[in-house]
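Participant: Structure, please.
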Amino acid sequence: MRDTTAVLGYAWPLVVSPGESVSFHLSSPGLTQAQAKIVRVRCADPDPDGPGLKLETPGTPIDGPVALKDQPIHPGAAAIIADVPALSPASFSAGCFIWPTAPLGREQSILARWRADLGQGWRLGLDEDGHLVFEVAGADGGLTLRVARPAIEREWLFVAASYEAASGVVTLTQRSLDPQGGRDTSGHVVGHGPKTVAWPRDTALVFAAQAREAGSDPLTEAHYDGKIDRPRLFSTALAEEELRRACETLAPLPSDPRLVGAWDFSREMAGDAIRDVSTNRLDGRLRNMPMRAMTGANWDGSVVQWRERPELYGAIHFHSDDMADCGWEQGPQFTVPADWRSGFYALRLTAREGSEDPVESYVSFFVRAPLGQAKSKLALVASTATYQAYANSALRLDQVHAEAMLEGVIALSRDDAYLQEHRELGLSTYDTHSDGSGWCYSTAKRPILNMRPLGNTFNYVNDTHIIDWLEELSFDYDVITDCDIDRHGAQLLKAYDCVITPSHPEYYSLNMIEAFDAYQRGGGRHVYLGGNGFYWRIAWHPTNPHEMEIRRGMSGLRTWEGEAGENGLSFTGEPSGLWRTHGRPPQRLVGVGFDAQVFTRSYPYEWLEDARDPRVAWLVEGVDLAQPLGDFGLRGGGAAGLEVDRVEPALGTPPHTLRLATADQLDYGGVPTLEELRTLHRGVMGDQNALVRADLAFFPTAAGGAVFSTGSIAWACALTCYRYENSVSRVTENVLRRFLDPAPFEGFDD
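Facilitator: As a prediction, this is how the structure comes out:
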């Protein structure tokens, strides 16, 4: 067995052009050295029943030994304001609104100017039993106050604390904003602490954590899980009523000489900056991408998108396990030669330590065809948004019903076991944080275990079967990426006569959808070799590469739901959720759309009468229409499976679409998506429901364009069966060769 986790890393940037440089950020807790080699990935799947692992070694200057060291990851979100003299008033008061989501089990800091290494400063937080606490301490001693009643999970509170230097009086206040029904945990405590505390120097003000050390960018600890809204800091000990009014107002009077800082989290939602609206301008930075565009304590349900009234979305949801950037030191760096082919690439790392399993780990990256410099008429689109959406998914381990959904006992890989123990890597957008809320952001500045050779057999690994098939049949092609389509639009696609989207292009931004729409309208030809494509609406960060966002609302096949009113993407302000709910179901683009999961097994298609239409004789040339299509495959034994799509005119399938073949006997394991069920009743599963099926479809588009869709994730892993001599391979080859032929498709109305 190969050890795939003894050394891990990530490539930055994730996508590069020939002539550009990529750096590798590596870490190993036990190895000091490994052998490195750049490889071009033809097939990433070691399954002995398939093509097997296929890697090309072009030879590079960095091939050879590479030094390793252990580089820790520091998860946990926080906002950090570097120390300035204004943050050290002798007396002060601090307040904000909080919505704790995991108040029990450990200490958490909400607002803190505290040095953990010294045990000095002040901190407002929660103790391990969920009680609000306020601690003030200097070199000569301190005092801790505690509210009697613990905070309730997911209930808004106003919290405030003050310290009066001359008298040493310390106060702590907690007020429930919705005290009805036994939810009132309000309390007020007064105590006497040391007088005129000498605050520690060079100590950052931190929201949602506390500093472990000195400095403007310190490591943090005691991370808070929950929302913080409208924090305020004054240089005097204010009465509770005055401080609460200051927190309730969106912009406290900046001319108030007592006002130290007033932070408005509703500003610049897309970025990592937090803005202070006081005259001190104590702006700060967010670490590890906590959730922005969150409903605040003043949200009243009158709007459900933050752009309508940003002032109602002045909260940030911090998580103790947020992780956006490992921050590892740069290791080997490599400049991609100008003559390299585009494709899927990786840094292969191998080692053998004593009698342990041999180490074989991979760090993936992509070499794209440069914009405006197409080398081929055909392009394969790498689904980096989908790879990132699924990055480090622990879903099979965390979902209590995973084995029931998959209809079998789950076999865990070494990667699965490692991820279970090392959640600091950051999980996928299918997973939930430790407080139960969903992960809505995914970044590439971290190791991604299931986006590399030998990884989980979904998405990345499945897509490389298409690469292997293209190579085997000697198709000339470029690789481009969906994130570049988002950035550059239809001009990137227009360089190609034909474009392939692979096994599972599920996550698409508005720019990407519109680019494909324009490409198809302009005569482009699109071969969709997958299932469950163009399903979720996402956004890429406007300035930071390889950061994507998804909000899962109240529709679609989902593993978590956002809170009410929080479906707006913080990066762009657009609504998230399903493209179907935004009037652009996949059927309008590619003729078919997601209708069911089927993880029990995969099935063959049966040819329909449309396949005998003389207008598509080229598509079925050399294929026996009396025989099933794809009664074989590496994923479940058939070409139609995992997740499947169907033709549906009511959702926008073009009227002249030819429904060539269908797999509509998906048995009890064919489970329809939730948006397909308007009411619950017997007979909705695939053994009794004709709407649970995979459809093979073709239709021409404007200006000589066309679309061919397979409607199944499993199709890609049937291509390579029987040494590429099979009906699935033949149909796909027929389509590609015809789509690369510029001759118009005859016999169809314009």
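
Participant: Who does residue 33 form a beta bridge with?
Facilitator: Note on residue 33: beta-bridge partners residue 67, judged by DSSP bridges.

Participant: Now for it: which residues touch it?
Facilitator: Taking CB atoms under 8 Å, 6 or more residues apart in numbering, we find residue 33 in contact with 65, 66, 67, 68, 351. Using the backbone N, CA and C atoms, a C-beta is placed for each residue, glycine as well.

Participant: pLDDT score assigned to it?
Facilitator: What the model reports as pLDDT for residue 33 is 96.

Participant: Equivalent analysis for residue 523, please.
Facilitator: Note on residue 523: pLDDT of 97.

Participant: again with the one 4 residues further on
Facilitator: What the model reports for residue 527 is a pLDDT of 98.

Participant: and it, how far is that from residue 736?
Facilitator: 6 Å (CB to CB, to the nearest Å).

Participant: Show me whatever sits in contact with both of the two.
Facilitator: By CB under 8 Å, 6+ apart, the residues touching both residue 527 and residue 736 are 498, 500.

Participant: quick one: the helices in the stretch 201-350 of the chain?
Facilitator: Using DSSP state H, counting those that start in this stretch, the helices of the stretch 201-350 of the chain run over 240-248.

Participant: cool, the chain as well?
Facilitator: Along the chain, counting by DSSP state H, helices occupy 240-248, 384-389, 395-398, 402-406, 414-421, 460-472, 482-488, 490-493, 510-521, 586-590, 727-739.

Participant: Looking at these, which is nearest to residue 639?
Facilitator: With distances scored as CB to CB, the stretch of these nearest to residue 639 is helix 727-739 (5.1 Å).

Participant: Relative to residue 61, which of the helices of the chain is closest?
Facilitator: helix 460-472 (25.2 Å).

Participant: what angle separates that closest one from helix 727-739?
Facilitator: Counting by axes from the mean of the first three to the mean of the last three CA atoms, to 10 degrees, helix 460-472 lies at 60 degrees to helix 727-739.

Participant: Quick check: which helices or strands does helix 460-472 pack against?
Facilitator: Contacts defined by 3 or more CB pairs under 8 Å, 6 or more residues apart in numbering; DSSP states H and E place helix 460-472 against strand 33-43, strand 343-351, strand 378-382.

Participant: list the helices and strands the shortest one packs on?
Facilitator: Meaning strand 378-382. Using 3+ CB pairs under 8 Å, 6+ apart, strand 378-382 sits against helix 460-472, strand 478-481, helix 482-488, strand 498-501.

Participant: Please identify the deepest-packed of the ones you listed.
Facilitator: Of those, the one with the most neighbours on average (mean count of other CB atoms under 10 Å) is strand 498-501, at a mean of 26.

Participant: Run through who's touching that strand.
Facilitator: By CB under 8 Å, 6+ apart, the residues outside strand 498-501 that reach it are 377-381, 383, 466, 477, 493, 519, 524-530, 533, 736, 739-740.

Participant: Could you give the number of residues near residue 668?
Facilitator: Residue 668 has 12 neighbours, counted by other CB atoms under 10 Å.

Participant: My understanding was that it contacts residue 687; is that so?
Facilitator: Yes. Contact criterion CB atoms under 8 Å: residue 668 and residue 687 qualify, at 4.8 Å.

Participant: thinking again about what came up before, quick check: which of the helices and strands packed on helix 460-472 has the most neighbours on average?
Facilitator: Between the helices and strands packed on helix 460-472, strand 378-382 has the highest mean count of neighbours, a mean of 25, where neighbours are mean count of other CB under 10 Å.

Participant: Around residue 533, count how many other residues there are.
Facilitator: Quick note: residue 533 (other CB under 10 Å) scores 30 neighbours.

Participant: Nearest residue to it in space, please, no chain neighbours.
Facilitator: Nearest non-adjacent residue to residue 533, counting by CB to CB, 6 or more residues apart in numbering: residue 505, 4.3 Å away.

Participant: Look up how far residue 413 lies from that neighbour.
Facilitator: 25 Å.

Participant: Neighbour count: those two, which is higher?
Facilitator: Shown here are residue 505 and residue 413; by other CB under 10 Å, residue 505 has more neighbours (28 against 17).

Participant: that older thread, quick one, which of the helices of the chain is nearest to residue 540?
Facilitator: Closest among the helices of the chain, using CB to CB: helix 482-488, at 5.0 Å.

Participant: residues making contact with that closest one?
Facilitator: Residues contacting helix 482-488 (CB under 8 Å, 6+ apart): 15, 368, 371, 381-385, 492-493, 505, 508-509, 511-512, 515-516, 540, 545-546.

Participant: Could you do stretch 540-547 as well?
Facilitator: Under the criterion CB under 8 Å, 6+ apart, residues 13-15, 270-271, 289, 324, 384-385, 388, 441-445, 483, 486-487, 509, 548-549, 571-572 lie in contact with stretch 540-547.

Participant: Can you give the domain ranges for this protein?
Facilitator: What automatic domain parsing lists as the domains of the chain is 78-318, 459-535+583-739.

Participant: gap between the two ends of the longest one?
Facilitator: Read it as domain 78-318. The first and final residues of domain 78-318 sit 7 Å from each other (CA to CA, to the nearest Å).

Participant: again, but for the shortest one
Facilitator: Taking CA to CA, the span from the opening residue of domain 459-535+583-739 to its closing residue is 25 Å.

Participant: Let the chain start at 58 from now.
Facilitator: Renumbered: residue one is now 58, and that last one reads domain 516-592+640-796.

Participant: Distance from the chain centre to it, please.
Facilitator: Distance of domain 516-592+640-796 from its chain centroid, counting by CA atoms, centre = their mean, to the nearest Å, is 24 Å.

Participant: In the stretch 408-557 of the chain, where is pLDDT below threshold?
Facilitator: Applying pLDDT under 70 to the stretch 408-557 of the chain flags residues 410-412, 456-465.

Participant: swap that for the chain, sorry
Facilitator: Those would be 410-412, 456-465, 807, if you go by pLDDT under 70 across the chain.

Participant: tell me which residues form a beta bridge with the nearest residue to residue 711 once chain neighbours are set aside?
Facilitator: Excluding the flanking residues, the one nearest residue 711 by CB to CB, 6+ apart is residue 756, at 4.8 Å. Here residue 756 shows beta-bridge partners residue 764, assigned using DSSP bridges.

Participant: Burial check on residue 606, number of neighbours?
Facilitator: Under the neighbour criterion other CB under 10 Å, residue 606 is assigned a count of 25.

Participant: just checking, it touches residue 593?
Facilitator: No. If you go by CB under 8 Å, residue 606 and residue 593 don't touch, sitting 10.7 Å apart.

Participant: which neighbours do those two share?
Facilitator: Taking CB under 8 Å, 6+ apart as the criterion, residue 606 and residue 593 both touch residue 633.

Participant: show me where the stretch 58-207 of the chain has strands.
Facilitator: 65-69, 72-73, 78-84, 90-100, 111-113, 121-124, 135-138, 149-157, 165-172, 177-183, 189-195, 198-203 (DSSP state E, counting those that start in this stretch).
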